[in-house]
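> The amino acid sequence is not available; the structure is as follows:
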């Protein structure tokens, strides 16, 4: 009887933790998108090389972290950009998509 109760208890704990993880992931995506801007000062750049994981191909990605103004607030946002823009612009440049 104790073993069954332990399995039920740990199953419930696992389900709650899994639900919280999903909630945090969804919430963070929503938070990032509310600050979406398409122009501003480039404050950082990020490049991820193309790679394959568990039968999924991920192409190379290029992103700028922009600082700009939205709704009278200063915000930062990671924006996907083309390879050409990534190579052309430097940190500190103004960028408009």
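That came through, no problem. Remember, predicted model here, so these are calculated numbers, not experimental data.
> okay, CA-based contacts and neighbour counts for the rest of this
Fine.
> And the strands in this structure, which stretches?
Here the chain has its strands, by DSSP state E, at 39-48, 51-53, 56-58, 61-70, 73-80, 94-96.
> Find the one among those strands with the highest mean neighbour count.
Greatest average neighbour count among the strands of the chain goes to strand 61-70 (a mean of 20), per mean count of other Cα atoms under 10 Å.
> Given it, what are its sheet partners and their directions?
strand 39-48 (antiparallel), strand 73-80 (antiparallel) (DSSP bridges).
> Pull the distance from the shortest one to the chain's centre.
Offset of strand 73-80 from its chain centre (Cα atoms, centre = their mean, to the nearest Å): 12 Å.
> Domain ranges for the protein, per the record?
Per automatic domain parsing, the structural domains of the chain span 1-34, 37-97.
> Just the pLDDT for residue 12.
On pLDDT, residue 12 comes in at 84.
> ok, back up a step: out of the domains of the chain, which gets the lowest mean score?
The minimum mean pLDDT among the domains of the chain belongs to domain 1-34 (a mean of 76).
> quick one, what contacts the nearest residue to residue 69 once chain neighbours are set aside?
Computed as Cα to Cα, 6 or more residues apart in numbering, the closest residue to residue 69 that is not its neighbour in sequence is residue 75, at 5.9 Å. By Cα atoms under 8 Å, 6 or more residues apart in numbering, the contact list for residue 75 reads 35, 67, 68, 69.
> Same question for residue 80.
Shown in contact with residue 80 (Cα under 8 Å, 6+ apart): 61, 62, 63, 64.
> between the longest helix anywhere in the chain and strand 61-70, what angle do the directions make?
When the chain is parsed with DSSP state H, its longest helix is helix 2-34. Direction vectors for helix 2-34 and strand 61-70, defined by axes from the mean of the first three to the mean of the last three Cα atoms, to 10 degrees, enclose an angle of 70 degrees.
> Noted, bye for now.
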